[in-house]
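Undergrad: need a structure here:
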Amino acid sequence: MSVVGGREVDRTAALIRHLAARGLTVAVAESLTGGLLAAELIRPAGASAVVSGGVIAYATAVKGSLLGVDTRLLAEHGAVYPLVAEQMAAGVRRVLSVDGREPDIGIATTGVAGPDSQDGKQPGTVFLGLSMAGGTRSIGLTLSGDRDTVRRDTVTAAVDYLIGITGAVTGGS
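TA: This is a model prediction of the structure:
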């Protein structure tokens, strides 16, 4: 929730309404968030028309075997890397396609929740991957706080990223 014009707005619900109105679907590939992002996206009513599903690829090997992330990339850079997030997002669209139709949007989370470093990356290092018909991209985040905070803040950032790229209006109109 956020406050807009003096009232609370459920940004996730606004995103789901926006995607549904445009007939867009989304699939989720999660690592450090372990299902929290999918749970947040399916929380609002109407999510069944929008959310295709999700894959929790927590183990690095699953990113390669199920989502098709390049195993050489994983060996060289580890799971916490921008291109890994992008390949996860593209991979979940392929994995969750139905009757030859991929979800319109794939979003992925990978990073280090802590308390220890991983692959030479500090806790709070996170990458969000995005895949759509026009291509893939990623953004990096540097978050702080304990493990639960990093995971929750990653979900919030992912919802905000989806709002930004889809043009969803969350100001209450």
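Undergrad: for the chain, what spans make up the strands?
TA: 2-4, 7-9, 26-30, 51-56, 105-111, 125-132, 135-142 (DSSP state E).
Undergrad: in the longest helix along the chain, what's buried?
TA: When the chain is parsed with DSSP state H, its longest helix is helix 147-166. Neighbour-count burial for helix 147-166, counted by 16 or more other CB atoms under 10 Å, picks out 150-155, 157-163, 166. Every residue, glycine included, has its C-beta placed from N, CA and C.
Undergrad: Go through those and name the one nearest residue 122.
TA: residue 150 (10.7 Å; CB to CB).
Undergrad: Considering helices and strands only, name the one in this protein with the lowest mean pLDDT.
TA: The least trusted helix or strand in the chain, going by mean pLDDT, DSSP states H and E, turns out to be strand 2-4, with a mean of 48.
Undergrad: I'd like the buried residues of helix 147-166 laid out as TSV, including pLDDT and distance to residue 51.
TA: Output for the buried residues of helix 147-166, formatted as TSV (pLDDT from 0 to 100; distance: CB to CB, whole Å):
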residue	pLDDT	distance to residue 51
150	98	23
151	98	19
152	98	19
153	98	21
154	98	17
155	98	14
157	98	18
158	98	13
159	98	12
160	97	17
161	98	16
162	98	11
163	97	15
166	94	14
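Undergrad: would you turn these into JSON lines with distance to residue 109?
TA: Formatted as JSON lines, the buried residues of helix 147-166 follow (distance: CB to CB, whole Å):
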{"residue": "150", "distance to residue 109": "11"}
{"residue": "151", "distance to residue 109": "9"}
{"residue": "152", "distance to residue 109": "12"}
{"residue": "153", "distance to residue 109": "11"}
{"residue": "154", "distance to residue 109": "5"}
{"residue": "155", "distance to residue 109": "8"}
{"residue": "157", "distance to residue 109": "9"}
{"residue": "158", "distance to residue 109": "6"}
{"residue": "159", "distance to residue 109": "11"}
{"residue": "160", "distance to residue 109": "13"}
{"residue": "161", "distance to residue 109": "10"}
{"residue": "162", "distance to residue 109": "12"}
{"residue": "163", "distance to residue 109": "16"}
{"residue": "166", "distance to residue 109": "17"}
